[in-house]
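Visitor: Predicted structure and sequence below. I'll ask about it afterward.
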Amino acid sequence: QLQLAESGGGLVEPGGSLRLSCKASGLRLDSSYVGWFRQAPGKGREGLACISSRGDIRNYVDSVKGRFTISRDNGKNTVYLQMDSLRPEDTGIYYCGKVLSALCRASVPGTASNWGQGTRVNVSS
C-alpha cells in the first residue's frame, strides 16, 4: 500500500524559503499524480498545487502561483514543494496526497487519498 511522509517544515521569517518533501514507500510513486495541501489554523484543508506522474503537468492555486514550485524525482520516489517569498498566511500544516489525474489536469484538486501525517510550517518574525 502506498504511504506518503512529508518533511521539511519549520519556522521561517516572512520572505524566506522552505522546501518540503513528500517521500513515498510501499509502492512506486511514478504512476501517480500528487498534490500538496495546506490546513491553516482554524480552517479546512485546501489544495495548493498538483503534478502529473511524469511532471509535465503542474497546476497551482492563485495564492501560491509564482511563489511555490512543485516538482518530483521519480528515481527517489519523492515529490517536492519549493516555497519562496513566504508570508504569514502560509502558516499551517502541509500535507501531500495522491490525487485523481483528471482533476489535476484541469486544476488543483480539493482532496486526495493516501495522506501523509503532515509537516508544520510557521511563517513568523
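Guide: Everything's here; your move.
Visitor: Can you dump the C-alpha atoms of the helix or strand containing Arg72 in PDB for me?
Guide: Assigned by DSSP states H and E, Arg72 belongs to strand 68-73. C-alpha atoms of strand 68-73 as PDB (Å, rounded to 0.1, in the frame of the first residue of the first chain):
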ATOM      1  CA  PHE A  68       5.700  27.900  -4.900                       C
ATOM      2  CA  THR A  69       7.000  25.300  -7.300                       C
ATOM      3  CA  ILE A  70       6.000  21.600  -7.300                       C
ATOM      4  CA  SER A  71       8.400  19.100  -8.700                       C
ATOM      5  CA  ARG A  72       9.200  15.400  -8.500                       C
ATOM      6  CA  ASP A  73      12.100  13.000  -8.700                       C
END
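Visitor: in its sheet, what does the helix or strand following it sit against?
Guide: Where DSSP H and E defines the elements, the next helix or strand beyond strand 68-73 is strand 78-83. Take DSSP bridges as the rule and strand 78-83 pairs in its sheet with strand 18-25 (antiparallel), strand 68-73 (antiparallel).
Visitor: downstream neighbour of the longest one in the secondary structure list?
Guide: For strand 18-25, the succeeding helix or strand toward the C-terminus, using DSSP H and E, is strand 33-39.
Visitor: Could you pull up the contacting residues of the residue nearest to Gln39 when sequence neighbours are not counted?
Guide: Leaving aside its sequence neighbours, Gln39 sits nearest to Arg45 (C-beta to C-beta, 6 or more residues apart in numbering; 4.4 Å). The way it works is simple: take the backbone N, C-alpha and C, and place the C-beta from them, glycine included. Applying C-beta atoms under 8 Å, 6 or more residues apart in numbering to Arg45 gives the contacts 37-39, 95, 111.
Visitor: would JSON lines of the residues you listed with neighbour count be doable?
Guide: Output for the contacts of Arg45, formatted as JSON lines (neighbours: other C-beta atoms under 10 Å):
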{"residue": "Phe37", "neighbour count": "27"}
{"residue": "Arg38", "neighbour count": "25"}
{"residue": "Gln39", "neighbour count": "15"}
{"residue": "Tyr95", "neighbour count": "23"}
{"residue": "Thr111", "neighbour count": "13"}
